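1. Sequence below, structure please.
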Amino acid sequence: MIANTSENTRQLVSRLHPVALPKRVPSVRLHPSADVSDLADIGAGTQIWNNCQIRERAHIGSGCILGKDVYVDSDVQIGDNVKIQNGVSVYHGTTIESDVFVGPRVVFTNDKRPRATTSNGKLKDADDWIVGSIRICYGASIGAGAILLPNVTVGRYAMVGAGALVTRDVADYALVLGSPARQIGHVCTCAVRLIEQVNGAATCPECGASYQFMGEKLDWYLETLHR
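-> Residues are numbered from 1 along each chain as shown. Predicted coordinates for the structure are as follows:
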């Protein structure tokens, strides 16, 4: 069962908290059990399901789907048409660009040297640690159960295998597996592993798309430029 955001509730919150609230688009679909801050910005057509929590100042674009038990921390930025499966934790400092797939139980971390207390035994607060950032670029896919450590970027259309531990940047179109994650090849925009040749060319056996290595980068081969 799903329900649209209640305008009456928004008006009540506005009276209790005299701040400018983001405008909630009527087509946003919220499950009644979802806990969504009125300071979060949710785009048109996005669906937020059972027991999700969306914190203050988070931005979620249009056409997204957040499955059961997804946690989105404060100030997280999520683009359009992003699919986040059940049980994913997206912590402060994470940016997910448009058209990204995130499999179930993925964790985006943000603290490189975590401790509960400071050196003098005081419980740490927001000023006692440095937030690490993560960026997932356009069209990338993160497999189920993967863990991403802080200060990494996953490139456009890259694919991170299920259960991988990502400790460093992942190149565009790269396929990485394991703990720590290591690159074993490249993938097409259609998600099929490319067949790579000695001359630097690569082709997709599924859709027939062609690619070309340019130095250490793999670029989509634009046939119109070579006619």
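2. Which residues are in contact with Arg57?
-> 37, 39-41, 74-75 (C-beta atoms under 8 Å, 6 or more residues apart in numbering). The way it works is simple: take the backbone N, C-alpha and C, and place the C-beta from them, glycine included.
3. middle-most residue in this structure, spatially?
-> The centroid of the chain falls nearest to Ile96 when counting by C-alpha atoms, centre = their mean (3.7 Å).
4. circling back: strands - which of the contacts of Arg57 land there?
-> Residues of the contacts of Arg57 located in strands (DSSP state E): Asp41.
5. Just the closest of the contacts of Arg57 to Ala116, please.
-> Distance to Ala116, by C-beta to C-beta, is smallest for Ser74 among these, at 19.6 Å.
6. Next, work out how far apart that closest one and Ala181 are.
-> Distance of Ser74 to Ala181, computed by C-beta to C-beta, to the nearest Å: 27 Å.
7. before we move on, what about Leu66?
-> Distance, Leu66 to Ala181, using C-beta to C-beta: 25 Å.
8. neighbour count winner among those two?
-> Of the pair Leu66 and Ala181, Leu66 is the one with more neighbours under other C-beta atoms under 10 Å, namely 31 against 25.
9. Quickly list what the more buried one is bridged to.
-> Ile48, Ile84 (DSSP bridges).
10. Could you pull up the contacting residues of it?
-> 46-49, 52, 54, 60, 72, 84.
11. go on, Glu206?
-> 188, 190, 192.
12. Give me the distance between it and Lys124.
-> In terms of C-beta to C-beta, Glu206 sits 49 Å off from Lys124.
13. can you check Val82 too?
-> 31 Å.
14. Which of these two has more residues huddled nearby?
-> Neighbour count, other C-beta under 10 Å: between Val82 and Lys124, Val82 has more, with 23 against 13.
15. wait, the more buried one sits on Asp99?
-> Yes - if you go by C-beta atoms under 8 Å, Val82 and Asp99 touch, sitting 7.1 Å apart.
16. Can you list the low-confidence ranges for this structure?
-> 1-24, 215-216, 219-227 (pLDDT under 70).
17. Which parts of it are helices?
-> Assigned by DSSP state H, the helices in the chain fall at 7-16.
18. Confirm for me that the residue nearest to the centre of the chain is in contact with Ile78.
-> Yes - at 4.7 Å, Ile96 and Ile78 qualify as touching, with contact defined as C-beta under 8 Å.
19. Spit out the residues that contact the two alike.
-> With C-beta under 8 Å, 6+ apart, Ile96 and Ile78 have common neighbours Val90.
20. Who are the contact partners of the nearest residue to Ile60 once chain neighbours are set aside?
-> In space, and not counting its chain neighbours, Ile60 is closest to Ile78: 4.6 Å by C-beta to C-beta, 6 or more residues apart in numbering. Counting by C-beta under 8 Å, 6+ apart, Ile78 touches 58-61, 64, 72, 84, 90, 95-96.
21. Which of these fall in strands?
-> Short answer: these in strands (DSSP E) are 59-60, 72, 84, 90, 95-96.
22. with these in mind, which one is nearest to Ala116?
-> Val90 (21.5 Å).
23. The closest one reaches Asp69, doesn't it?
-> No - if you go by C-beta under 8 Å, Val90 and Asp69 don't touch, sitting 12.0 Å apart.
24. surely Ala40 meets Gln53?
-> No - between Ala40 and Gln53 there is no contact under C-beta under 8 Å: 10.0 Å.
25. Between those two, point out the one with more neighbours.
-> Ala40 (21 against 18).
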